[in-house]
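Asks: turn this into a structure:
(chains A and B)
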Number of protein chains: 2
Amino acid sequence: VEITQALKNVRLKADEPNSSGKLVLKTPKGTRDYHPYQMMLRRSMLDKIVSCFERHGAENIDTPVFELKDVLTGKYGEDSKLIYDLADQGGEILALRYDLTVPFARYLAMGKISNIKRYQIAKVYRRDNPAMTRGRYREFLQCDFDIAGQYDPMIPDVECAKIVDEILLSLDVGEFVIKVNHRKILDGLFEACGVPVEKFRSICSAVDKLDKSPWPEVKAEMIKEKGLSEEVADKIGEYVKLNGKDDLVEQLLSDPLISANKAAKEGLESMRLFLRYAELYSILPRVSFDMSLARGLDYYTGIIFESVLTGIQNLPKEEVSGKKKKKPPTKTNEGDDDGSLGIGSVAGGGRYDNLVGMFDAKGKSVPCVGVSIGVERLFSILEAKAIAEQRSLRTSATEVYVASAQKGLLEERMKLCQLLWENNVKAEQSYKGNPKLLAQLQFCEERCIPLAIVLGESEIQQGVVKLRDVVSRSEKTIKRDGLIDEIKNILRTRAQDSSS
Amino acid sequence: VEITQALKNVRLKADEPNSSGKLVLKTPKGTRDYHPYQMMLRRSMLDKIVSCFERHGAENIDTPVFELKDVLTGKYGEDSKLIYDLADQGGEILALRYDLTVPFARYLAMGKISNIKRYQIAKVYRRDNPAMTRGRYREFLQCDFDIAGQYDPMIPDVECAKIVDEILLSLDVGEFVIKVNHRKILDGLFEACGVPVEKFRSICSAVDKLDKSPWPEVKAEMIKEKGLSEEVADKIGEYVKLNGKDDLVEQLLSDPLISANKAAKEGLESMRLFLRYAELYSILPRVSFDMSLARGLDYYTGIIFESVLTGIQNLPKEEVSGKKKKKPPTKTNEGDDDGSLGIGSVAGGGRYDNLVGMFDAKGKSVPCVGVSIGVERLFSILEAKAIAEQRSLRTSATEVYVASAQKGLLEERMKLCQLLWENNVKAEQSYKGNPKLLAQLQFCEERCIPLAIVLGESEIQQGVVKLRDVVSRSEKTIKRDGLIDEIKNILRTRAQDSSS
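Replies: Numbering: from 1, shown residues only, chains lettered A, B, ... in the order given. The predicted model follows:
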């Protein structure tokens, strides 16, 4: 509940207009700077995510921020309009990457790589309607994990769901559910209900909106926009409201309409296997076979998943600022990867067996399955939580501050800093020649620097230094010769105390 | 010498034309993918750089990959033509960042931040003539360290040089020199020699070319293109060939022409102080006060530095491929930050006291000094070195591979993986249901995975597993209950052995 309130507060703050006078001093629409406090939080979040990827043996790759426009063309359906193009400056025609999946497929085809388990952490770009306080940006980070290769059914697939489960548990963002469905089940359902093949993908898109719109709206879209009969739409409606686990698989397999359809039956057999493996991987309690899950992107061919936080109260969908009326958001397809998913959705993915083949001259494909973690949304939740808990987070790693109690000691401070740095102690000092002692000690306290060396003329003459514990403000005199050992001992003891 | 050869080999390889058939399957000109092996090398390099930044108490920030075009306009002089513009798609006019310095200045002005010591590691974009095998790209990573704030002379400045020194020593890239000069010394020299004020920057640009062109060429440019008299050019020529340390400072201070000039004198006093501090920070042996160092960018106002590797033989400046004739490179200003510096240059920076003021409505500025590490060049050296030394680097972190000796054990393998993951052991297994034992063990050896668990029916019945040391191929039987402890013990012992 406090988290919800904190998110609201952050939201209101971000809604304030930029008041920078005449000069327009801002970051581009839908983008932001990250301040040191945020970078620390982000890094600790990313460390956990990378740990998980590495625990599963994944390798890391990187690709350029832009691709030849042709690489992206024809991969995103109606979302293509959200791609950022680069200006034609007389060379190749380029565009910023929209996700990490298509560049990964290009990477595989270009390098003729037929199997790899890789992760990539990089920013992607979408000219979408930003809703930044809900963690939805035009520039946002994606953390992708994918398994490429010709393998046996559902073994790589379930590991992707396992990755999502481990990451969400490690980030401690409350309860969540990993929704799973299968494109073959959906296609089989549509076929069985009498939807013409050429409408499969557009009906799939309509179903995908069920996480945000009630059934009557989706039904109306199917009938009015997509041209289904009411009877067919109603039949679909009966099924897409279903969710469960193995019980639902058995129910559908014994349903005459569904079990008579080859694709649906194959999809259900796969789902049965997936759920069995999910049990072995201890994720079954958080998995839901959900017939309403459809995913917006065209390229999925098998299992699809999406993870939704259920422990955090949803924020209102439209930004409502008390100060000024916003333009209504333009209608965009929201059912795509990552950050721009429905409210609460923090991860998504699926199997895409034909994408690599689109880049191969002979159409040779590499089966792939993967998942993308929506870190911006997770970050906005973690940030709101940190603020709500008034958690103070150090933004620098300094261990020792070198202070002087008198004037004229700059060179002595410099010598000490040099000694500390060369012994790999994280140290800093004032950039002023004769800083005030109080200002120096205040800096240590504000920055939570654990130790300070306080230099004075008499200590220098005696070959000693005063070592101050910043929190307790206690000081002890130490021989300069033994200074490094003493500092390392203190820091080691503290690290052990705080980890135990 | 082997490094030089290795660099040449890499160069020849990269020159081969892309032979992907009809479909153009490539990354955009001047960009590249990074493979797992390269990512491991890059990460270990970046870890050392970040350690150094943090040892000096720096905070981390991040800014968007693009900025409003207006933010970049008027900051880079003639290099502005190298900026990547985004297409006008009906919103703001945007461009990709050209460096991290101008976005940092925008960040300071926008947030009204008057002091910060920050680092930022991010890619920047320049439509330059790429020379990729020398580590020169259109998309490349910069690691910037800057100190903003009103402080006392040369204290922050010398720390920037110290940072460069620590990083280059830690990366073990051979001998290097940190060249230092001061804009006031250059301006004073020009003034004393009779160069009109309005020509200071363009003469500065000409001097900047001395690291690549011999004096007669630079002199010719000064006379023919920049309109100096031969007498004035010759006078400048006498000075710009000088380099030294404190001796040169004293020599110039006692030179009647130079010491009569106010700016030059002030610059020399600053240089004296810088060299004194450099001695206290133990970097003086690698510092050279070099009158030929000018730096291309307009925004520098005080100290400037550039670090050059001297231990590595330079590669020929132009790409010479045995296979096809390349177009001659278009003439571009090469004297800018980072990767696009002269051959061997791996870091550069300086003081820019007026840049932040360009973003402030009232012109209020924040004095800044900083340095940018040219990691792409360093990386290409480290990569060539790793290849020359035939160093095998693990590309994944897997500690235990779960193998099966018989068919039908997939579920048992899955249970074991789950056990390992939940105990934070890095583990993987085959994605095939019934993989061949030999293939599994080969995978372990190729990937340098230290341990393998080999599962068989009889072991499962007895509640034990076989734990195999992959290198020695020795196996021992362990009770399943004690498996995790045993594995952690083995891994701990090995980590200690390899670190001691």
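Asks: quickly check: the helix or strand encompassing A:Y277 near chain B or not.
Replies: Assigned by DSSP states H and E, A:Y277 belongs to helix A:262-280. Yes - for helix A:262-280, a contact with chain B is found by CB under 8 Å from any CB of the partner chain, at A:Y277, A:L280. In this view, the C-beta of every residue, glycine as well, is placed from N, C-alpha and C.
Asks: which element follows that helix toward the C-terminus?
Replies: strand A:287-290.
Asks: which residues does the next helix or strand after that next one contact?
Replies: Using DSSP H and E, the helix or strand that follows strand A:287-290 in sequence is strand A:303-309. With CB atoms under 8 Å, 6 or more residues apart in numbering or on different chains as the test, strand A:303-309 has contacts from A:154, A:157, A:160-161, A:164, A:168, A:173-183, A:211, A:270-271, A:274, A:293-295, A:341-342, A:344-351, A:369, A:371, A:381.
Asks: mind giving me the packing neighbours of the helix or strand containing A:L420?
Replies: Here A:L420 sits within helix A:410-422, counting by DSSP H and E. If you count contacts as 3 or more CB pairs under 8 Å, 6 or more residues apart in numbering or on different chains; DSSP states H and E, helix A:410-422 packs onto strand A:400-404, strand A:427-429, strand A:451-455, helix A:483-499, helix B:155-171, helix B:262-280.
Asks: how close does the closest residue to A:I490 other than its chain neighbours sit to A:S392?
Replies: Sequence neighbours aside, A:L451 is the residue nearest to A:I490 in space, at 6.7 Å (criterion: CB to CB, 6 or more residues apart in numbering or on different chains). Distance, A:L451 to A:S392, by CB to CB, to the nearest Å: 18 Å.
Asks: ok, then the element right after the helix or strand of chain A with the lowest mean pLDDT?
Replies: Ranking every helix and strand in chain A by mean pLDDT, DSSP states H and E puts helix A:2-15 at the bottom, with a mean of 51. Later in the chain than helix A:2-15, the nearest helix or strand by DSSP H and E is helix A:36-55.
Asks: quick one: is stretch A:80-93 near chain B?
Replies: Yes - using CB under 8 Å from any CB, stretch A:80-93 reaches chain B at A:Y84, A:D85, A:L86, A:A87, A:D88, A:Q89, A:G91, A:E92.
Asks: do the same with stretch A:54-67
Replies: Yes - using CB under 8 Å from any CB, stretch A:54-67 reaches chain B at A:54-67.
Asks: convert that stretch to CSV, retaining C-alpha atoms only.
Replies: The C-alpha trace of stretch A:54-67 is given here as CSV (Å, rounded to 0.1, in the frame of the first residue of the first chain):
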residue,chain,number,x,y,z
GLU,A,54,24.9,-16.5,-15.5
ARG,A,55,23.6,-19.1,-13.0
HIS,A,56,22.0,-20.6,-16.1
GLY,A,57,25.2,-20.6,-18.1
ALA,A,58,24.3,-17.8,-20.5
GLU,A,59,26.9,-16.0,-22.6
ASN,A,60,26.7,-12.2,-23.2
ILE,A,61,26.7,-10.4,-26.5
ASP,A,62,26.1,-6.8,-27.7
THR,A,63,24.9,-5.4,-31.0
PRO,A,64,24.8,-1.8,-32.4
VAL,A,65,22.1,0.6,-31.3
PHE,A,66,21.0,1.0,-34.9
GLU,A,67,20.5,-1.5,-37.6
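Asks: ok now it, how far from the chain's centre?
Replies: 14 Å (CA atoms, centre = their mean, to the nearest Å).
Asks: kindly report the same for stretch A:266-280.
Replies: Centre-to-centre, stretch A:266-280 and its host chain are 27 Å apart (CA atoms, centre = their mean).
Asks: please identify the buried residues of that stretch?
Replies: A:266-280 (16 or more other CB atoms under 10 Å in any protein chain shown).
Asks: which residues does that stretch contact?
Replies: Applying CB under 8 Å, 6+ apart, the contact partners of stretch A:266-280 are A:153-155, A:157-158, A:161-162, A:180, A:182-188, A:245-246, A:249, A:252-253, A:258, A:284, A:287, A:289, A:302-303, B:411, B:414-415, B:418.
Asks: may I have it exported as PDB, CA atoms only?
Replies: Written as PDB, here are the backbone C-alpha positions of stretch A:266-280 (Å, rounded to 0.1, in the frame of the first residue of the first chain):
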ATOM      1  CA  GLU A 266      -0.600 -30.500 -30.300                       C
ATOM      2  CA  GLY A 267      -0.500 -27.200 -28.400                       C
ATOM      3  CA  LEU A 268      -2.200 -28.800 -25.500                       C
ATOM      4  CA  GLU A 269       0.200 -31.700 -25.400                       C
ATOM      5  CA  SER A 270       3.000 -29.200 -25.400                       C
ATOM      6  CA  MET A 271       1.300 -27.300 -22.600                       C
ATOM      7  CA  ARG A 272       1.000 -30.500 -20.600                       C
ATOM      8  CA  LEU A 273       4.700 -31.100 -20.900                       C
ATOM      9  CA  PHE A 274       5.500 -27.500 -20.100                       C
ATOM     10  CA  LEU A 275       3.500 -27.700 -16.900                       C
ATOM     11  CA  ARG A 276       5.200 -31.000 -15.900                       C
ATOM     12  CA  TYR A 277       8.600 -29.400 -16.400                       C
ATOM     13  CA  ALA A 278       7.400 -26.300 -14.500                       C
ATOM     14  CA  GLU A 279       6.600 -28.600 -11.600                       C
ATOM     15  CA  LEU A 280      10.100 -30.100 -11.700                       C
END
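Asks: I appreciate the help and will end here.
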